[in-house]
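Colleague: Here is my input, please return the structure:
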Amino acid sequence: MEIPKSYILSGTRGGQRFQSISDHELRNWAQLHNLTMRQAVGEALRAGIFPECYERNFPSLSCPEQLRLFDSSVLVAGLGGLGGALAVCLARAGVGRFLLADGDVFTLSNLNRQCLAMRPVLNENKALIAAAHLLNINPAIRAEAIPEFLHQDNLPKYLPQVQVAVDGLDNLASRRELCRAAQKAGVPLVHGAVAGRFGQVATILPEDPDGLARIYPETAAEPEGGRDILAPLAALTASLQAQEALRLLLGHPPVYHGRLAHFDGDTGTLELLPL
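Modeller: As a prediction, the model looks like this:
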């Protein structure tokens with residue numbers, strides 16, 4: 001079941017040739033063969049053809065790499081300032097399946113930094129809104145909303161379904177639970193946190209003996225004080241997490257393993273601190 005040559009476009013970018021197909025032609029071909037758009041996108045990528053929505057990823061991503069992302073799954077824990085932005089980044093990059101978990105609803109105080117928070121969706125569950133948003137970006141992906149908080153009882157159900165977990169949480173107790181469960185399930189965790197004008201990212205692998213303890217000692221309590229978070233810091237930190245998640249999904253070495261990426265918004269510096 002080949003895509004007709006008349007549907008395929010050829011181009012050159014960065015001195016490299018590639019093939020692509022427009023969304024219109026891909027939909028026509030899918031309807032002709034009774035395929036879903038997800039099936040059609042997968043068939044195109046397996047044939048070395050970029051669907052139009054992924055074309056601008058080339059040559060940063062090869063067609064086999066794009067297919068690998070499309071076949072991959074990610075758990076996003078928390079859909080606020082970090083989780084919402086990084087889920088959007090990963091969906092646009094081409095990750096094909098999402099488990100989106102959050103038991104909270106959007107409020108007015110979220111509007112200052114959370115990209116999925118808008119007045120029409122106030123008081124609605126964040127995971128449900130996130131899933132709908134991702135499907136509007138790309139209806140070929142799978143976006144499963146989990147409208148509840150993750151904890152030790154439900155994490156074992158979801159983690160075995162994914163290749164990478166991403167921390168978009170906002171409290172230390174939940175982060176520790178997520179990290180312990182991810183390590184037990186053998187799933188890498190991309191941690192992220194923001195406060196005020198500072199952001200940080202680190203990757204915890206299943207074999208790491210200390211989990212989050214090198215960042216947050218086991219005796220450390222929840223930080224006290226204000227919970228001010230500026231939108232640029234949330235977006236930047238989420239972008240760093242998303243890029244690290246893509247590296248892991250593509251089988252590349254994580255750059256934030258064994259070290260903490262710390263961004264200072266006052267000085268504009270990004271430091272890599274050894275853990």
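
Colleague: Name the spans of the stretch 101-250 of the chain whose pLDDT lies under the cut-off.
Modeller: 220-226 (pLDDT under 70).

Colleague: Spell out, range by range, the helices that occur in the chain.
Modeller: 23-32, 37-46, 63-70, 81-93, 126-137, 155-158, 172-185, 231-249 (DSSP state H).

Colleague: buried sites along the fifth one?
Modeller: Translated: helix 126-137. Neighbour-count burial for helix 126-137, counted by 16 or more other C-beta atoms under 10 Å, picks out 126-131, 133-134. Bear in mind the C-beta positions are built from the backbone N, C-alpha and C, glycine included.

Colleague: from those residues, which is closest to Pro160?
Modeller: Distances from Pro160 to the buried residues of helix 126-137, taken as C-beta to C-beta, are shortest for Ala127 (19.1 Å).

Colleague: if I pick the closest one, what's in contact with it?
Modeller: 79, 100-103, 145-148 (C-beta atoms under 8 Å, 6 or more residues apart in numbering).

Colleague: gap between it and Gln31?
Modeller: 31 Å (C-beta to C-beta, to the nearest Å).

Colleague: Over to Leu9?
Modeller: 19 Å.

Colleague: If you count surrounding residues, which of those two has more?
Modeller: Of the pair Leu9 and Gln31, Leu9 is the one with more neighbours under other C-beta atoms under 10 Å, namely 14 against 11.

Colleague: Test my guess that the more buried one contacts His24.
Modeller: No - using C-beta atoms under 8 Å, Leu9 is not in contact with His24; the gap is 11.7 Å.

Colleague: The helices of the chain: which one's closest to Ala195?
Modeller: It's helix 231-249; of these, that one is closest to Ala195 (C-beta to C-beta) at 8.4 Å.

Colleague: Could I get the buried residue list for that closest one?
Modeller: 233-249.

Colleague: Next: stretch 156-166.
Modeller: For stretch 156-166, by 16+ other C-beta under 10 Å, it's 158-159, 162-166.

Colleague: that older thread, could you dump the helices of the chain to CSV with distance to Tyr216?
Modeller: Formatted as CSV, these follow (distance: least, C-beta to C-beta, whole Å):
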stretch, distance to Tyr216
helix 23-32, 45
helix 37-46, 39
helix 63-70, 31
helix 81-93, 16
helix 126-137, 24
helix 155-158, 18
helix 172-185, 6
helix 231-249, 16
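
Colleague: Gln114: which of those is closest?
Modeller: Of the helices of the chain, nearest to Gln114 by C-beta to C-beta is helix 81-93, at 4.9 Å.

Colleague: And that closest one, how far out from the chain middle?
Modeller: Here helix 81-93 is found 5 Å from its chain centre; the criterion is C-alpha atoms, centre = their mean, to the nearest Å.

Colleague: got the angle between that helix and helix 231-249?
Modeller: Using axes from the mean of the first three to the mean of the last three C-alpha atoms, to 10 degrees, the inter-axis angle of helix 81-93 relative to helix 231-249 is 50 degrees.
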